[in-house]
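>>> model this:
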Amino acid sequence: MRYSENHKEEIHLKILKIAGRALRAKGPDGVGVADIMKEAGLTHGGFYAHFKSKEELLIQALEGVFAASKKKFLKAIEGLPPRHALGAYIDFYVSANQRDNPANGCPITALNSDMPRQSKKFRAAFDGGVKRLIGTMRDLITDAGIAEGDEAHALASSVFSAMAGAVAVSRAVSDKRLSDEMLETARNSIKTRLGVDDASLSGKYLQ
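Modelled structure (predicted):
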């Protein structure tokens, strides 16, 4: 069978996509190379044509997941003015959809409790992803005219921690009504804190 010139790259990306879902659903320790390769329709032995080790697979998968998460978040705010974009970003993140779909959601809320047990290289990749997402939040805060410089960065770190924490705790709660209430309360509180709640934005389609 003749394969296209990009066949190996396509297979590589397919493996990473499958591994990214498994990583968020099961955590790093729950990811099995044999299971990933089987789902990809490949043999276990073919794994080493793409990765030197399971750690390399996990790191690349994690980096891909962070990149995909940022892309999703930016798509959710595309075309909106700065303050509305910031409010939409918070609505998108602190949501039942994020809570109920860990395998396709933000890696921060899916993996935070796993990090202390992981290798330095994996934790460094996680730290890098967190910093980039905080940077996205900082840029939104700056563009919205809420803060700038070090103040914007500090505010972004605080807000993102609150957002991720709200999703993580709501996911851990078995009482759905309580979980929904926690998400709504956190979402409204964060938006009010930044002045991008519905009341503040009403009639203010700011550029």
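
>>> what strand or helix carries the residue nearest to S189 when sequence neighbours are not counted?
Leaving aside its chain neighbours, S189 sits nearest to A162 (7.9 Å; criterion: Cβ to Cβ, 6 or more residues apart in numbering). All C-beta spots, glycine's among them, are computed from the backbone N, C-alpha and C. Per DSSP states H and E, A162 falls inside helix 149-172.

>>> who are the packing partners of that helix?
On a contact count with 3 or more Cβ pairs under 8 Å, 6 or more residues apart in numbering; DSSP states H and E, helix 149-172 meets helix 82-93, helix 96-100, helix 107-111, helix 120-143, helix 176-194.

>>> dump those to TSV, plus distance to D150 and mean neighbour count.
Listed next are those as TSV, based on distance: least, Cβ to Cβ, whole Å; neighbours: other Cβ atoms under 10 Å:
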stretch	distance to D150	mean neighbour count
helix 82-93	19	21
helix 96-100	29	17
helix 107-111	22	22
helix 120-143	10	17
helix 176-194	17	16
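
>>> who wins for proximity to T43 among those?
Between T43 and the helices and strands packed on helix 149-172, the shortest gap by Cβ to Cβ is with helix 120-143, which sits at 25.4 Å.

>>> if we can go back for a sec, which outside residues touch the helix holding A162?
Helix 149-172 has contacts (Cβ atoms under 8 Å, 6 or more residues apart in numbering) with 90, 93-95, 98-99, 102, 105-106, 108-109, 112, 133-135, 137-138, 140-142, 146-147, 179-180, 182-183, 186-187, 189-190, 193-194.
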